[in-house]
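Chemist: I would like to see how this sequence folds:
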Amino acid sequence: MCHAAGRVAEPAGSSVPDVLAPDLRCVFCGINPGRVSAAAHAHFANPRNDFWRLLHDAGFTPRLLDPSEQFGLLELGYGATNAAYRMTPGSADLRRGDFDPGRLERLARELRPRAIAFVGKEAYRGAFGERPELGAQIRTLGSTALFVLPSTSPANAAVPYGERLRWFAALHAWLEPTPREAVRALVVDAQERVLLLRFENPVTREAWWATPGGGVEGDETDDATLRRELREECGLAYDDAGPAVWRREHVYPWAGELHRQRERFHLIRVDDHEFAPTIDLEAEHVYGHRWWTLDELEATDERLAPRALATRVRALLREGPPPEPLELSG
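Modeler: As a prediction, the model looks like this:
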């Protein structure tokens, strides 16, 4: 796996360079550089820090890497950064102003890593101002999941190596998403408006708009799934959905888990429809619906899933359903 250099710039004077690139499986985020790391210009360079040994023993690297080989992580799909850039003798010497959570948000938005793993609770607390439990977090940064590992610092030597290795191995397993099949509907009315639902992250209240639909249950056909989902979410029945027009595969975090969802999109044309769900949508973290014109979709700064929705719907309505479903990204 080869990655181009990332676009999120580190501040001038940073003693340890970021190891970043687009679309990494995981970025490991320490709290800040200590004296040894600053002198070596490398992450977790203190020979008493167990980070590199834990990475190898947990299966992230095929051999034990030296800190000077940190950029070799990119070839394996991993990266490294710090929650704070200023070098201090110890993390207790950091100040609130040393942390910039907005930088991690930009990292997630621009480079789209599958996950950020904080190496130590204090790295997470510095970034978000709240003390977490170890493991997967409900909070996300957009489509980037968050995980908290025990600190690998020699200052955390009271935690046995085997216990820390257990959490690193848990992260390694968690990063492989659970497969999920789903069917979604592009519901378009006579005015060529598109029906979208507004989803919210239950912790951050971050919102995005997506088409109705959901996961296949048991041995359901796609048609059966779509009929059930549209009835439940919209109170909508249809005569014939026709073949799928789009396909999309993406990895996303939900409720502390990672899913690899394979979606099929069907075009459903209606004259009009009065939205009337038959289930409690808030229990599904859906907090509203809206009929969008294509011009509104093109102009909005709100998050849409999939992206570039207006351009894709315009082409579909102009050219008609393709002979085979188009593969979408994003």
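Chemist: all helices of the stretch 151-300 of the chain, in order?
Modeler: Secondary structure of the stretch 151-300 of the chain (DSSP state H, counting those that start in this stretch): helices at 161-174, 222-234, 294-299.
Chemist: elements contacting the second one?
Modeler: The helices and strands touching helix 222-234, judged by 3 or more Cβ pairs under 8 Å, 6 or more residues apart in numbering; DSSP states H and E, are strand 178-188, strand 213-215, strand 257-269. To be clear about C-beta, it is placed using only N, CA and C from the backbone, and glycine gets the same treatment.
Chemist: Below-threshold pLDDT in the stretch 1-150 of the chain: ranges please.
Modeler: By pLDDT under 70, the low-scoring segments of the stretch 1-150 of the chain are 1-14, 87-94, 97.
Chemist: now do 50
Modeler: Residues of the stretch 1-150 of the chain meeting the criterion pLDDT under 50: 1-7, 12.
Chemist: re the thing from before, now render the helices of the stretch 151-300 of the chain as a markdown table, adding distance to Leu309.
Modeler: As requested, those are exported to a markdown table (distance: least, Cβ to Cβ, whole Å):
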| stretch | distance to Leu309 |
| --- | --- |
| helix 161-174 | 30 |
| helix 222-234 | 17 |
| helix 294-299 | 5 |
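Chemist: Any chance of those helices in a markdown table with distance to Pro321, mean pLDDT and mean neighbour count as columns?
Modeler: Formatted as a markdown table, the helices of the stretch 151-300 of the chain follow (distance: least, Cβ to Cβ, whole Å; pLDDT from 0 to 100; neighbours: other Cβ atoms under 10 Å):
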| stretch | distance to Pro321 | mean pLDDT | mean neighbour count |
| --- | --- | --- | --- |
| helix 161-174 | 38 | 97 | 16 |
| helix 222-234 | 15 | 96 | 20 |
| helix 294-299 | 17 | 96 | 14 |
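Chemist: And those helices: which comes nearest Leu195?
Modeler: Nearest to Leu195, of all the helices of the stretch 151-300 of the chain, is helix 222-234, at 7.0 Å by Cβ to Cβ.
Chemist: picking that back up, mind putting the helices and strands packed on helix 222-234 in CSV, mean pLDDT, mean neighbour count and distance to Leu141 included?
Modeler: Shown next, in CSV, are the helices and strands packed on helix 222-234 (pLDDT from 0 to 100; neighbours: other Cβ atoms under 10 Å; distance: least, Cβ to Cβ, whole Å):
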stretch, mean pLDDT, mean neighbour count, distance to Leu141
strand 178-188, 95, 19, 20
strand 213-215, 95, 19, 24
strand 257-269, 94, 19, 14
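Chemist: For Ala45, find the nearest of these.
Modeler: strand 257-269 (30.1 Å).
Chemist: Report the distance from the closest one to the chain centre.
Modeler: 16 Å (Cα atoms, centre = their mean, to the nearest Å).
Chemist: Run me through the strand neighbours of it, direction for each.
Modeler: The pairing partners recorded for strand 257-269 under DSSP bridges are strand 178-188 (parallel), strand 244-254 (antiparallel).
Chemist: Can you add distance to Glu200 and give these back as CSV?
Modeler: CSV is the format used below for the strands paired with strand 257-269 (distance: least, Cβ to Cβ, whole Å):
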stretch, distance to Glu200
strand 178-188, 18
strand 244-254, 12
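Chemist: Which among those strands is found nearest to Ala39?
Modeler: Ala39 sits nearest to strand 244-254 of all these, at 36.4 Å, using Cβ to Cβ.
Chemist: so what's the closest residue in space to Glu229 that isn't next to it in sequence up against?
Modeler: Leaving aside its sequence neighbours, Glu229 sits nearest to Gly214 (Cβ to Cβ, 6 or more residues apart in numbering; 4.5 Å). For Gly214, the contact set (Cβ atoms under 8 Å, 6 or more residues apart in numbering) comprises 182-184, 225, 229, 233.
Chemist: just curious, which of these is nearest to Leu111?
Modeler: Taking Cβ to Cβ as the measure, Leu111 lies nearest Ala182 of the contacts of Gly214, at 25.6 Å.
Chemist: quick one: terminal-to-terminal distance for stretch 66-78?
Modeler: Start-to-end span of stretch 66-78 (Cα to Cα, to the nearest Å) is 15 Å.
Chemist: Show me how far that stretch is from its chain's centre.
Modeler: The chain centroid and the centroid of stretch 66-78 are separated by 22 Å, computed with Cα atoms, centre = their mean.
Chemist: tell me the domain ranges of the protein?
Modeler: What automatic domain parsing lists as the domains of the chain is 26-174, 178-328.
Chemist: measure the longest one end to end?
Modeler: By that I understand domain 178-328. Across domain 178-328, the terminal residues are separated by 20 Å (Cα to Cα).
Chemist: Equivalent analysis for the shortest one, please.
Modeler: Start and end residues of domain 26-174 are separated by 11 Å (Cα to Cα).
Chemist: re the thing from before, minimum distance to Pro67: which of the strands paired with strand 257-269 has it?
Modeler: If you check each of these against Pro67 by Cβ to Cβ, strand 244-254 wins as the nearest, at 29.1 Å.
Chemist: So what touches the closest one?
Modeler: Residues outside strand 244-254 that contact it (Cβ under 8 Å, 6+ apart) are 114-115, 140, 143-146, 177, 186, 222, 258-267, 306, 312, 316, 321-322, 325-330.
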